[in-house]
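**Student:** give me coordinates for this.
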Amino acid sequence: MRWDRLFEDLEGQLASEWEAERAALDSESERLRLSRLPLQERLRMLAQRPAAVPSAFELTDGTVLVAQVTAVGADWAGLDAVGGGGGAALLPLVAVTTIGLPLTDALASARPDGSSPRPRLAERMSLGFVLRDLARRRVPVTIHVVGGRALSGTIDRALHDHLDIALHDPGAPRRSADVTGVRVVPFGAVAWVRLDAAAVLA
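**Tutor:** Residues are numbered from 1 along each chain as shown. I've put the predicted structure just below:
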């Protein structure tokens, strides 16, 4: 009888040790997973949550955009801004300084369910690719640069790491007679782009 109790105690201790070891391994595995989770993936998870509360994106030019994430690319995010005129916005991920969001969305975005399909083509497109598409479609835009200045016009061309924007009145079509100048803007200086006409980013 005493041997039975001893073996029960040993089995209980062994089970506890195994449980503690498994918990430690699970904890380390979770830390490793989180250390490899990019901002792009968290934004993709936010875009997949249609009922999510809008997030507050603070950008390098000092702007705070309260918006829903609608699309995510390789190095950019497409937003549907709320309030203050709203509208579609495109922002380079490097221009984001902070993102304010509810705790539930923060936790959910850090825990991908693993069931999402392979990234769509839009999620592999670079900022340059999207800017070239806006130039091709002649979409009027307002480019907000890191220093806080806003440049309204039409992107004439988007090159390897910079773009040319023909300046004209916001929302107006590009006509040679109405162009007041051209600015060359490095991609690194772009804080965000407001689309002054409907454009699909996803």
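
**Student:** and Glu19, that one's in a helix?
**Tutor:** Yes: assessed by DSSP: H, G, I helix; E, B strand; the rest coil, Glu19 belongs to a helix.

**Student:** after the least confident helix or strand in the chain by mean pLDDT, which helix or strand is next?
**Tutor:** Across the helices and strands of the chain, mean pLDDT, DSSP states H and E gives its lowest value to helix 2-35, namely a mean of 67. Next helix or strand after helix 2-35 toward the C-terminus (DSSP states H and E): helix 39-47.

**Student:** packing partners for that following helix?
**Tutor:** Helices and strands touching helix 39-47, by 3 or more CB pairs under 8 Å, 6 or more residues apart in numbering; DSSP states H and E, are strand 64-72, helix 103-109. C-beta coordinates here come from the backbone N, C-alpha and C atoms, glycine included.

**Student:** so after the shortest one, what's the next helix or strand?
**Tutor:** Put plainly, it is helix 103-109. Downstream of helix 103-109 (by DSSP H and E), the next one is helix 127-137.

**Student:** how far off centre is that next one?
**Tutor:** Offset of helix 127-137 from its chain centre (CA atoms, centre = their mean, to the nearest Å): 18 Å.

**Student:** now do stretch 134-141
**Tutor:** 21 Å.

**Student:** residues making contact with that stretch?
**Tutor:** Under the contact criterion CB atoms under 8 Å, 6 or more residues apart in numbering, stretch 134-141 has outside partners 90, 152-158, 163, 165, 168, 170-174, 193-197, 199.

**Student:** at 7 Å instead, please
**Tutor:** Identification of contacts with stretch 134-141 by CB atoms under 7 Å, 6 or more residues apart in numbering yields 154-158, 170-174, 193-197, 199.

**Student:** the residue nearest to the spatial centre of the chain: what's it in contact with?
**Tutor:** Among the residues of the chain, the one closest to the centroid is Ala77, at 4.0 Å (CA atoms, centre = their mean). When the contact criterion is CB under 7 Å, 6+ apart, the partners of Ala77 are Leu43, Val69, Ala71, Leu91, Leu93.

**Student:** and these, which two are the farthest apart?
**Tutor:** By the measure CB to CB, those have their two most distant members at Ala71 and Leu93, which lie 12.4 Å apart.

**Student:** show me which of these two is the more surrounded one.
**Tutor:** For Ala71 versus Leu93, neighbours defined as other CB atoms under 10 Å are more numerous around Ala71 (22 against 16).

**Student:** show me the domain layout of this protein.
**Tutor:** According to automatic domain parsing, the chain comprises the domains 1-36, 38-202.
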